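Asks: No sequence on hand, only this structure:
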């Protein structure tokens with residue numbers, strides 16, 4: 001089965017997609033386009049909001065507004081007023097790193113990781129932002145943080161350092177957000193693409209978008225790949241369940257650094273795609289800080 005184009009938005013680098021039950025819209029970021037986008041799958045209405053710099057990922061706050069991980073800082077943001085309240089500057093002593101993938105846990109903390117886009121060295125970190133806005137490093141030595149998502153009960157955190165081509169699993173303490181010893185959940189070394197953004201379905205499957213792989217896959221709870229959905233463009237980036245019943249898998253894509261001949265063959269690159277995979281998703285919690 002193949003995902004279908006639902007919005008020809010031609011993002012430079014679509015990412016960080018999630019369903020917001022508060023406004024019943026899908027939200028995502030165009031990182032290099034410095035823009036937030038939203039989409040109503042019922043009406044087809046699409047909106048975009050210019051941002052002051054690159055947004056790696058973001059989440060709605062429980063009491064209104066957003067928490068936004070810009071490339072170099074984490075802020076509380078009022079989208080209507082454009083007001084910023086910086087709570088953390090990210091790795092100011094490392095000019096090669098920036099924030100990248102992130103998602104809230106089941107208790108409403110934000111987990112967000114960095115990447116080294118300058119040299120590719122594994123010298124960035126993954127952070128946890130707690131309800132009281134305390135920022136704590138939880139994983140060190142990361143080259144490109146991706147695939148952050150949580151099991152249905154919240155007791156497992158899935159994660160990838162993309163160049164490793166594996167999905168890791170960590171026991172996750174739902175009380176304090178600390179991690180237990182890492183284990184291998186899925187070896188993706190035989191896949192055509194690299195592991196990028198992920199989400200979890202209601203049956204415990206992990207869905208992963210394969211960067212430069214033209215597909216999304218489902219990793220069953222036992223770590224085996226049991227479903228594959230083709231995406232008709234080269235660079236899927238992230239996925240999330242949305243719609244009233246959380247029964248549609250939405251997929252963001254990228255045009256970043258793609259040769260012109262590829263874009264000519266695949267003009268929908270950077271668009272938003274969707275597929276009905278036959279399973280429902282799980283809502284992400286709003287950030288509780």
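Replies: Perfect, thanks for sending it. This is a predicted model, so every value here is computed, not measured. Numbering: from 1, shown residues only.

Asks: Packing partners of the helix or strand hosting residue 216?
Replies: Residue 216 is part of strand 215-219, with elements assigned from DSSP states H and E. Judged by 3 or more C-beta pairs under 8 Å, 6 or more residues apart in numbering; DSSP states H and E, strand 215-219 is in contact with strand 206-211, strand 225-230, strand 236-242. To be clear about C-beta, it is placed using only N, CA and C from the backbone, and glycine gets the same treatment.

Asks: So the residue of the chain most remote from its centre: helix, strand or coil?
Replies: Relative to the C-alpha centroid of the chain, counting by C-alpha atoms, centre = their mean, residue 261 is the outermost residue, at 27.5 Å. Under the three-state scheme (DSSP: H, G, I helix; E, B strand; the rest coil), residue 261 adopts helix.

Asks: Distance check, residue 235 against residue 175.
Replies: Per C-beta to C-beta, to the nearest Å, residue 235 is found 38 Å from residue 175.

Asks: So the two - more neighbours on which side?
Replies: Using other C-beta atoms under 10 Å, the more surrounded residue of residue 235 and residue 175 is residue 235, with 27 against 7.

Asks: my guess is the more buried one meets residue 211, correct?
Replies: Yes - at 5.9 Å, residue 235 counts as touching residue 211 under the criterion of C-beta atoms under 8 Å.

Asks: Kindly point out which residues are neighbours of both of the two.
Replies: When contacts are counted by C-beta atoms under 8 Å, 6 or more residues apart in numbering, residue 235 and residue 211 have residue 254 as shared neighbours.

Asks: Tell me where the stretch 51-200 of the chain has strands.
Replies: Taking DSSP state E, counting those that start in this stretch as the test, the strands found in the stretch 51-200 of the chain are 55-60, 66-70, 73-78, 83-89, 97-104, 110-116, 124-129, 135-142, 145-150, 156-161, 166-171, 183-187, 194-200.

Asks: Which strands and helices lie in contact with the first one?
Replies: Yep, that's strand 55-60 we're talking about. strand 14-20, strand 25-30, strand 35-39, strand 66-70, strand 97-104, strand 110-116.

Asks: From residue 132, how far out is the closest residue to residue 121 other than its chain neighbours?
Replies: Excluding the flanking residues, the one nearest residue 121 by C-beta to C-beta, 6 or more residues apart in numbering is residue 143, at 6.7 Å. Per C-beta to C-beta, residue 143 is found 30 Å from residue 132.

Asks: Give me the more crowded residue out of these two.
Replies: residue 143 (19 against 7).

Asks: In contact with the more buried one, which residues?
Replies: Here residue 143 is in contact with 115-116, 120-124, 161-163 (C-beta under 8 Å, 6+ apart).

Asks: cool, residue 13 as well?
Replies: With C-beta under 8 Å, 6+ apart, residue 13 has these contacts: 30-33, 237, 254-256, 270.

Asks: Next, format the residues you listed as JSON lines and append pLDDT.
Replies: Compiled in JSON lines, the contacts of residue 13 are given as follows (pLDDT from 0 to 100):
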{"residue": "30", "pLDDT": "99"}
{"residue": "31", "pLDDT": "98"}
{"residue": "32", "pLDDT": "98"}
{"residue": "33", "pLDDT": "98"}
{"residue": "237", "pLDDT": "99"}
{"residue": "254", "pLDDT": "99"}
{"residue": "255", "pLDDT": "98"}
{"residue": "256", "pLDDT": "98"}
{"residue": "270", "pLDDT": "99"}
